[in-house]
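Colleague: here's my sequence, what's the structure:
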Amino acid sequence: MKLTIDSRPSGAVWGRMALLLIVCPGLLFGQSRKMSHELENLSGTQSVDVILQYRSTPTNAHFGRVRSRGGAMTRDLHRMKAGAFRVPAGRLAELANDPDVAFVSVDRPVRSTASSNSSDLYEQAILAQAVAGQFDGTGIGIAIIDSGITSNADFGSRLVYSQSFISGQTSTDDAYGHGTHIAGIVAGNGANSTGPNFTQTFVGIAGNANLINLRVLDQNGGAADSAVIAALQRAIELKDIYNIRVINLSLGRGVFESYTQDPLCQAVEAAWNAGIVVVVAAGNDGRNNSAGTNGYGTVDAPGNDPFVITVGAMKPMGTPDRADDLIASYSSKGPSLIDHIVKPDLVAPGNQIISVLASPNATLYNSTTAVSTNSFQSNGSTAASNTYFALNGTSMAAGVVSGTVALMVQQTSTLTPDQIKARLMKTAYKTFPTYSTATDPITGETFTSQYDIFTVGAGYLDIQQAMQDTDLAPAISGVAQSPSVAMDASGNVSVVAGSSVLWGTSTSGQSVLWGTSVLWGTSVLWGTSTTGQSVLWGTSVLWGTSTSQGYSVLWGTSSNTANSVLWGTSVLWGTSASHGTSVQTSGE
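Modeller: Numbers count the residues shown, from 1 in each chain. Predicted coordinates for the structure are as follows:
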């Protein structure tokens, strides 16, 4: 009998995912600091699905020791220094005590990060047209780890590889509808909307790039960590065969442990270190205030990893001018839980994006997501299109950035993942309002967003500037890691230099390479602390309608749960597992 880790949301919840916070791993792991909290008190002969991370590449001998304790392998993840197993709960402590085992995690579920509605002006907003006709992603492979990609005229013969990682399902078609939509944003060529009768053509950012379809999400948009890790492993194996330079991950789940122990985060780092840019959706929980944080601290894993490019969502406001574009209030905000990493890294259009429809039978296709043919055809009608539909979310925004990366690599093939990340952040458009409000079209609820470093990151994607810029960060893996932040005794929150040399100040007080104001702009940084660090929040910063409102909500007071959530003065446990990020159900 398999023991199911309860994943039904209760207690403090981010959307559909239970809030499980490990704020001080050294104290929380009890008898073993090498095991996820949820596994600690399990016992008996019932089985549980776990991922074992090893200190070095595991051999058959390592896997044999798991089998000798009653474990059965479900996925061989040796290239990621890991393996997925179903093991008796009562033998978990023995496995954790193996000196070759680095950490034992639950094989957790993940979900997509998208939803519905439309109007397509995003390419003008990010100046994609400035490079149209010059670069189109030709020769670049983009791995879409998602719900599959259904063959379509908009992809032509460029769907060069497909594989399913869903147990018992060999089909790589997209039953959910999410992966095909992402693929269209990344690399659709607009074939189904090209011709004299069309008033609008839906072309992806890199409309001639090759697509590698690695299906992990089922017809309901769900998957397990191990499936995603297996797909990442496969992308690395296929890198040189298909020139895979970009992986798009428009999926995620809650943060349960430090990125240094999370197997999903370690897998994306392996891909990054193999020379593949990994672009991840931030999540759609920016409206969630269940922990008293006004949506801060809601970035999903693996978007919490400092290596990857984590993307939040903007919304074009019905015009081609980016100056009036606003943040989508559902876009998840940093800092990351546990490690306090500054996320997202940048934002891109993600609201009401029209792209390729896998099939009218796809789970996500309904009256809300459908678009009428007369919206892009001169001879169309109010009938729903059977070739395109609309979704919203940071999933879509991630696809826009993935396509941009393909253009950059086509232009300069020697760029490293870190050089690409740094250039995208440096060249991002950094002019924003101080606040904006959005009203949910279904509930009527109004949400206020502040344009700070944890909401918009380094700024709004600017393809033209990214392609024109020639500055290079050092060609060293990890040099562009997103920094962490720390709160001092006075309540000031500052960027911690860490291992990155792109931001912060040197010991001599000089800006390191580009400095914080260049990467993030002065609009998201305020003041200077007594030690010379850039202050993100100080006691004088206005939050909301009073000087203390937002500050107290985000960083907490002695009686506020938000302080416990983000800075670890106490532990808040929800249920024992997460469904991951919920699909955003409406646009703005």
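
Colleague: quick check: residue 438 is in a strand.
Modeller: Yes. Assessed by DSSP: H, G, I helix; E, B strand; the rest coil, residue 438 belongs to a strand.

Colleague: what sits closest to it if chain neighbours are left out?
Modeller: Closest residue to residue 438 apart from its sequence neighbours, by Cβ to Cβ, 6 or more residues apart in numbering: residue 329 at 4.1 Å. Bear in mind the C-beta positions are built from the backbone N, C-alpha and C, glycine included.

Colleague: burial measure for that neighbour, as a count.
Modeller: For residue 329, the tally of surrounding residues (other Cβ atoms under 10 Å) stands at 24.

Colleague: quick check: it touching residue 287?
Modeller: Yes. Applying Cβ atoms under 8 Å, one finds residue 329 in contact with residue 287, separated by 5.5 Å.

Colleague: need the overlap of contacts for these two.
Modeller: By Cβ atoms under 8 Å, 6 or more residues apart in numbering, residue 329 and residue 287 have these common neighbours: 295, 447.

Colleague: sticking with the residue nearest to residue 438, tell me its helix or strand.
Modeller: Element membership for residue 329, per DSSP states H and E: none, as it lies in no helix or strand.

Colleague: need the contact list for it.
Modeller: For residue 329, the contacting residues are 286-287, 295, 438, 447-449, 588, by Cβ under 8 Å, 6+ apart.

Colleague: tell me how far the nearest residue to residue 298 once chain neighbours are set aside lies from residue 432.
Modeller: With Cβ to Cβ, 6+ apart as the measure, residue 285 is the residue that lies nearest to residue 298, at 3.9 Å, once sequence neighbours are left out. Noted for residue 285: a distance of 21 Å to residue 432, by Cβ to Cβ, to the nearest Å.

Colleague: the two: who's more crowded?
Modeller: Remark: of residue 285 and residue 432, residue 285 carries more neighbours, 30 against 24, as counted by other Cβ under 10 Å.

Colleague: residue ranges for the helices of the stretch 201-350 of the chain, please.
Modeller: Counting by DSSP state H, counting those that start in this stretch, residue ranges of the helices within the stretch 201-350 of the chain are 225-242, 263-273.

Colleague: nearest to residue 390 among these would be which one?
Modeller: Comparing the helices of the stretch 201-350 of the chain against residue 390 with Cβ to Cβ, the closest turns out to be helix 225-242 (25.6 Å).

Colleague: and the closest one, how far out from the chain's middle?
Modeller: Centroid separation for helix 225-242 versus its chain: 17 Å, with Cα atoms, centre = their mean, to the nearest Å.

Colleague: and it with helix 263-273, angle?
Modeller: Per axes from the mean of the first three to the mean of the last three Cα atoms, to 10 degrees, the angle that helix 225-242 makes with helix 263-273 is 10 degrees.

Colleague: buried ones in helix 225-242?
Modeller: Neighbour-count burial for helix 225-242, with 16 or more other Cβ atoms under 10 Å as criterion, is recorded at 225-236, 238-239, 242.

Colleague: measure the closest residue to residue 201 other than its chain neighbours to residue 208 for me?
Modeller: Across the structure, with Cβ to Cβ, 6+ apart as the measure, the residue nearest residue 201 apart from its sequence neighbours is residue 190 (4.2 Å). Distance, residue 190 to residue 208, using Cβ to Cβ: 11 Å.

Colleague: also residue 294?
Modeller: Spatial separation of residue 294 from residue 208 under the definition Cβ to Cβ is 42 Å.

Colleague: higher neighbour count, those two?
Modeller: The residue with more neighbours, out of residue 294 and residue 208, is residue 294; 23 against 18, by other Cβ under 10 Å.

Colleague: I'd say the residue nearest to residue 201 and residue 205 touch.
Modeller: No. Counting by Cβ under 8 Å, residue 190 stays clear of residue 205, with 11.7 Å between them.

Colleague: which of these two has more neighbours?
Modeller: Set side by side, residue 190 and residue 205 give different neighbour counts by other Cβ under 10 Å, the larger being at residue 205 (31 against 19).

Colleague: so who does the more buried one touch?
Modeller: Neighbouring residues of residue 205 by Cβ under 8 Å, 6+ apart: 123, 128, 137, 185-187, 399-400, 402-404, 406-407, 463.

Colleague: if I look at the closest residue to it other than its chain neighbours, how far off is residue 377?
Modeller: For residue 205, ignoring the flanking residues on the chain, the nearest one in space by Cβ to Cβ, 6+ apart is residue 403 at 2.6 Å. In this structure, residue 403 lies at 24 Å from residue 377, with Cβ to Cβ as the measure.

Colleague: neighbour count: these two, which is higher?
Modeller: Neighbour count, other Cβ under 10 Å: between residue 403 and residue 377, residue 403 has more, with 29 against 16.

Colleague: can you give me the buried ones in the helix or strand encompassing the more buried one?
Modeller: Secondary-structure assignment from DSSP H and E places residue 403 in helix 394-411. In terms of neighbour count (16+ other Cβ under 10 Å), helix 394-411 has its buried residues at 394-410.

Colleague: do stretch 156-171 as well
Modeller: Counting neighbours by 16+ other Cβ under 10 Å, one finds that the buried residues in stretch 156-171 are 158-159, 161-166.

Colleague: relative to residue 334, which of the residues you listed is nearest.
Modeller: When the buried residues of stretch 156-171 are compared for distance to residue 334 (Cβ to Cβ), residue 165 wins out at 29.2 Å.
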